[in-house]
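Undergrad: Any chance you can model this:
(one chain, ligands or ions: 1)
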Amino acid sequence: MAERARVGVLISGRGSNMAALVEASAAPDCPYEVVLVAANDPAAAGLAWARGQCIPTWSHSHVGMPRAAFDVLVDEQLTALGVEWVALAGYMRLLSPELVGKWRGRIVNIHPSLLPKYKGLETHARAIAAGDRQAGCSVHLVTEALDDGPVLGQTRLPVLPGDTAEELAARVLAAEHDLYPRVLAELVRGEAPLPA
Ligand code: GRF
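TA: Predicted structure coming up:
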């Protein structure tokens with residue numbers, strides 16, 4: 001098999017999108033492998049799952065640390081593991097401008113809305129409250145601003161009559177698990193529709 005692109009995944013919690021990235025990487029034609037799962041919370045559930053897959057993990061609490069100092073530690077780990085692409089997967093921290101600057105164009109995030117709508121939290125409740133007929137998820141390149149940056153791929157789903165935020169979230173999450181590995185593979189193959 002040709003050399004695969006080395007991906008580091010940053011998580012803060014459950015890590016189901018991280019797991020979807022890892023599981024997709026088992027396909028023989030997947031162009032990437034996950035070589036590091038890092039978390040800003042040592043209790044993040046996804047860490048245990050990654051360890052169970054024999055993937056190197058790292059965690060450190062960001063509590064009490066300046067953002068830039070914490071991101072230096074993250075960057076050291078990414079560099080030590082030879083990471084080439086960074087995937088944020090439920091990573092609940094805004095990155096420092098220094099980290100974004102160093103990895104610009106090589107960091108992606110998944111967000112549970114049809115960006116540019118509903119950056120930040122409570123995306124499903126906000127979509128329902130607005131009466132939106134469609135919801136979905138987006139994979140985008142990471143910039144200094146929250147949930148900003150060029151969108152590389154989206155999946156649209158209908159909002160069903162009577163949907164609760166939890167019901168909608170569950171359907172969108174399933175779509176996230178399909179979209180993220182697909183877009184990441186396109187990106188590392190150089191096939192993603194990057195903006196000029
Ligand atoms: C996902 O909905 C993701 O889009 C958002 O946070 C959630 C993380 O879930 N950024 P998980 O940790 O990947 O299960």
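
Undergrad: alpha carbons only for contacts and neighbour counts from here, please
TA: Will do.

Undergrad: So which bits of this protein are right by the ligand?
TA: Residues of the chain lying near the ligand by Cα under 6 Å from any ligand atom: G13, R14, G15, S16, N17, M18, A89, G90, I110, H111, P112, L173.

Undergrad: In this model Y91 seems to touch the fifth one, though I could be wrong.
TA: No: N17 sits out of contact with Y91 when judged by Cα atoms under 8 Å, with a separation of 10.5 Å.

Undergrad: So if I had to pick from those two, which one is more boxed in?
TA: The residue with more neighbours, out of N17 and Y91, is N17; 25 against 20, by other Cα atoms under 10 Å.

Undergrad: Provide the secondary structure category for the more buried one.
TA: helix (DSSP: H, G, I helix; E, B strand; the rest coil).

Undergrad: Identify the residues contacting it.
TA: Counting by Cα atoms under 8 Å, 6 or more residues apart in numbering, N17 touches A89, G90, E176, H177, Y180.

Undergrad: With respect to A2, which of those residues is nearest?
TA: Taking Cα to Cα as the measure, A2 lies nearest Y180 of the contacts of N17, at 21.7 Å.

Undergrad: And the contacts of N17, which of them are buried?
TA: When the contacts of N17 are checked for burial by 16 or more other Cα atoms under 10 Å, the buried set is A89, G90, E176, H177, Y180.
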